[in-house]
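**Student:** All I have is the shape, not the residue letters:
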């Protein structure tokens, strides 16, 4: 196993913000850390990186305690930051030097990532007449572009372990796709990635293993497919041309959501679903759509992390 | 190989130094300061000459027609009628005559005279063993007092030149002859050095010593305040812009702080040295052009503000102690700044939280100045001097200047330095612990007690919530 986190805990006074979290990354891929705001995601990541002292627990990387000074770790912090008044190139070269990357390698990698992240016009601004343009500073960039530069900074040392705290928040759809592509490339290149996110559909796209944190505790943990399977096929979606409220009531099903496009119902399992389908057919209802599926990650998250998330997501 | 806590300090130093040098504000300030240093001497000389009536060349226009000499000194070998020996050919006085009249008779005549005549009265008093050379002019004469001032200086140089020639000695030997000789008793232990200082204090500080002490206090204040301000704003900026979180994956907080302090120290030292070099160059260039002096002679004018009898000793040991105090003092105050600034979450908050640093700076600077001013009046301040020399907040400001002015001994200066270094070492350990915790701190203002509780708990205490 490459990364093993055992019993990670943190208390601020009487308040426990991280409560005995354990997980491991056995092979390259993306591990997701999910939770509402204040659930303890960033604190856990900071403790793993050694920035915050842990009250208890252990973080091992390839059998040894993880030390970011000794291990090549890339980090994209939740609270993004660049020096606003320094040129982009200067600060990236500085970040690279702190990661012990030679100036030549750093320049090559910056060139590659500038091209890959479509930042060329900011690093090599076009000539204005015959005048050579001044190098751009961070505060001249939009928030999304600053986020790209920060991803570049996290990747500049070609890290083995990449920790991305909310990497996709605040991005437009085009840049979100770009970030997703980069993450996929990193997975293909055999990198270990830990990612925290609020965006469940994105997590479902990438992650095999997850931890859902709630008030500092891991409420759901493990392989995403196994978690979903453990819930069973209990989510049913039905759309008919005629009203079916009486049949739903007669079958004792719980309505989760009702929209003009259909009704989402909760069933206990395959047998109850089959029985309800039989009742629809026997009552000559015209079925437009009938779907029985496992719960989505979003549904699992809402169930486990509570209603707060719904408010935040809106 | 495992990296030390200070790994990366050099990289932070290099980056901070280069970014500071590139900053537009820094360059503008530096150019302004260098211009002031370069122009100060020539302008002050020009103003001085104007005040004296336009300098040597103008003496010819309003020159004294006749200078009478009444010599009652008995110095028969003196030639009052030739200024060539002192190299003062530019002063043109058509007639210099010896007068047989008495001083009283001559001054009666001068009172009524409207001619351009003046009197040089040379006499000697047995009471204090002094020769007096007095220039006298009448109330109705058109001669300006400034002309007499120029002539007075010329006569003095002429006298010294002739005395040297008569005694067949060099200028250096002449200076040695002019030095006052004092005898004293002393013991080579700390207690007796205190007693010795007591005795010296009663004499008070002379003007040159005061200037020297003031220059060192100002130099230290500049270095400490400039570096403290930069360190604190740099830390707060990194914290408020959230860059620090990214940096801390590659470097320990204490290495980050140290790299900054080293860069700020070097850059401040660079500013001060540049200003001194600029000043010295302007003095050399001024005298080379205006007076036709050789570079070597012109260079001697750079330190001309320290007269030979000023009781000031600038030797290599003193300079080394000065540099050590500057370095340790700057570290002491910068570490305080670093820890305070780390507890601030935004630039707006900084001013309020930095009050304690400003208070310490004022205590060091004004404390040293008050003791010095009290000394000018001849007040016995040896007890205060001793406390200030050993107290780390005041010692960087006071000790080097007092050492140059022979107000305290090297032993006391070294004890003060050891205490300061010990405090810096403690502060370093304190800062290393607090800084790592505070860099994530976004809470209320911390009390001294809070800082000590952080020191005990290391990073991640209760206040971080």
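**Tutor:** Alright, I've got the coordinates. A quick note: this is a predicted structure, and the numbers were derived from the prediction, not measured.
**Student:** contacting residues around the strand or helix carrying residue A:213?
**Tutor:** Secondary structure assignment for residue A:213, by DSSP states H and E: strand A:209-214. Contact with strand A:209-214 is made by A:18, A:21, A:23, A:25, A:29, A:31-36, A:39-41, A:44, A:203, A:218-224, A:227, A:297, A:300-301, A:304-306, as judged by CB atoms under 8 Å, 6 or more residues apart in numbering or on different chains. Any C-beta I mention is one placed from the backbone N, CA and C, and that applies to glycine too.
**Student:** Show the average pLDDT along it.
**Tutor:** The average of the pLDDT scores along strand A:209-214 is 91.
**Student:** Let's see the pLDDT reported for residue B:114.
**Tutor:** Looking at residue B:114, its pLDDT is 82.
**Student:** Am I right that it sits in a strand?
**Tutor:** No. Counting by DSSP: H, G, I helix; E, B strand; the rest coil, residue B:114 is located in no strand; its state is coil.
**Student:** do you know how far it is from chain A?
**Tutor:** Using CB to the nearest CB, to the nearest Å, residue B:114 is found at 72 Å from chain A.
**Student:** Drop anything exposed from the contacts of strand A:209-214.
**Tutor:** By neighbour count, with 16 or more other CB atoms under 10 Å in any protein chain shown, the contacts of strand A:209-214 hold A:18, A:21, A:23, A:25, A:29, A:31-36, A:39-41, A:44, A:203, A:218-220, A:224, A:227, A:297, A:300-301, A:304-305 as buried.
**Student:** Cross the contacts of strand A:209-214 against strands and list the overlap.
**Tutor:** Cross-referencing the contacts of strand A:209-214 against strands under DSSP state E gives A:18, A:21, A:23, A:25, A:29, A:31-35, A:218-223.
**Student:** quick one: which two of the residues you listed are the most distant?
**Tutor:** Across those, the longest distance by CB to CB is 23.0 Å; it joins A:18 and A:29.
**Student:** need the residues of chain A near chain B, please.
**Tutor:** Chain A has residues A:10, A:12-13, A:15, A:17, A:46, A:49, A:51-55, A:67-70, A:73, A:75, A:77, A:79-84, A:86, A:90, A:94-95, A:97-99, A:150, A:153-154 near chain B, with proximity defined as CB under 8 Å from any CB of the partner chain.
**Student:** got any ranges where the stretch 1-150 of chain B has weak pLDDT?
**Tutor:** Residues of the stretch 1-150 of chain B that meet the criterion pLDDT under 70 lie in B:1-2, B:51-63, B:80-94, B:126-129.
**Student:** All the strands of it, residue numbers only.
**Tutor:** Applying DSSP state E, counting those that start in this stretch to the stretch 1-150 of chain B gives strands spanning B:66-71, B:95-98, B:117-125, B:130-137.
**Student:** try chain A
**Tutor:** A:3-12, A:15-25, A:29-35, A:56-61, A:64-65, A:73-76, A:161-165, A:192-197, A:209-214, A:217-223, A:235-240, A:254-259, A:262-266, A:287-293.
**Student:** for the ones you listed, which one sits closest to residue B:411?
**Tutor:** Set against residue B:411 and scored by CB to CB, the strands of chain A come closest in strand A:64-65, at 49.3 Å.
**Student:** what's the neighbour count on the closest residue to chain B within chain A?
**Tutor:** Closest contact between chain A and chain B, by CB to the nearest CB, is at residue A:81 (2.9 Å). Residue crowding around residue A:81 was assessed by other CB atoms under 10 Å in any protein chain shown; the count is 20.
**Student:** show me the contacts for it.
**Tutor:** By CB under 8 Å, 6+ apart, residue A:81 lies in contact with A:150, B:238, B:241, B:242, B:243, B:244, B:245, B:246.
**Student:** so what's the backbone phi/psi at it?
**Tutor:** With angles defined as degrees, to the nearest 10, residue A:81 sits at phi -160, psi 130.
**Student:** pLDDT at it, what is it?
**Tutor:** So residue A:81 comes in at 84 (pLDDT).
**Student:** Can you tell me the closest non-neighbouring residue to it?
**Tutor:** Closest residue to residue A:81 apart from its sequence neighbours, by CB to CB, 6 or more residues apart in numbering or on different chains: residue B:242 at 2.9 Å.
**Student:** again, but for residue B:164
**Tutor:** Nearest one to residue B:164, counting by CB to CB, 6+ apart, is residue B:174 at 5.2 Å.
**Student:** Now do the helix or strand containing the one you found: which elements does it pack against?
**Tutor:** Using DSSP H and E, residue B:174 sits in helix B:171-178. Using 3 or more CB pairs under 8 Å, 6 or more residues apart in numbering or on different chains; DSSP states H and E as the contact test, the elements touching helix B:171-178 are helix B:145-167.
**Student:** For the helix it packs on, list every residue counted as buried.
**Tutor:** B:146-148, B:150-151, B:154-155, B:158-162, B:164.
**Student:** Same check on stretch A:153-162?
**Tutor:** A:153, A:154, A:155, A:156, A:157, A:159, A:160, A:161, A:162.
**Student:** List just the nearest of those to residue A:256.
**Tutor:** residue A:162 (36.4 Å).
**Student:** hang on, isn't that closest one packed against residue A:189?
**Tutor:** No. Residue A:162 is not in contact with residue A:189 according to CB atoms under 8 Å; the separation is 10.2 Å.
**Student:** to the chain's geometric centre, what's the distance from stretch A:250-266?
**Tutor:** Relative to its parent chain, stretch A:250-266 has a centroid offset of 30 Å by CA atoms, centre = their mean, to the nearest Å.
**Student:** Walk me through the domains of the chain.
**Tutor:** Going with chain A. Split into domains by automatic domain parsing, chain A comes to A:1-71+A:160-226, A:84-157, A:233-293.
**Student:** Sorry, I should have been clearer: chain B.
**Tutor:** Using automatic domain parsing, the domain parsing of chain B gives B:16-42+B:191-464, B:60-178.
**Student:** right, and those - which one's nearest residue A:6?
**Tutor:** Within those, the stretch nearest residue A:6 is domain B:16-42+B:191-464; the backing value is 18.4 Å (CB to CB).
**Student:** biggest helix in chain B by residues?
**Tutor:** Scanning chain B for the helix with the most residues, using DSSP state H, yields helix B:253-290.
**Student:** dump the residue contacts of the closest residue to chain A within the stretch 101-250 of chain B.
**Tutor:** Across the stretch 101-250 of chain B, the shortest distance to chain A (CB to the nearest CB) belongs to residue B:242, at 2.9 Å. Counting by CB under 8 Å, 6+ apart, residue B:242 makes contact with A:77, A:79, A:80, A:81.
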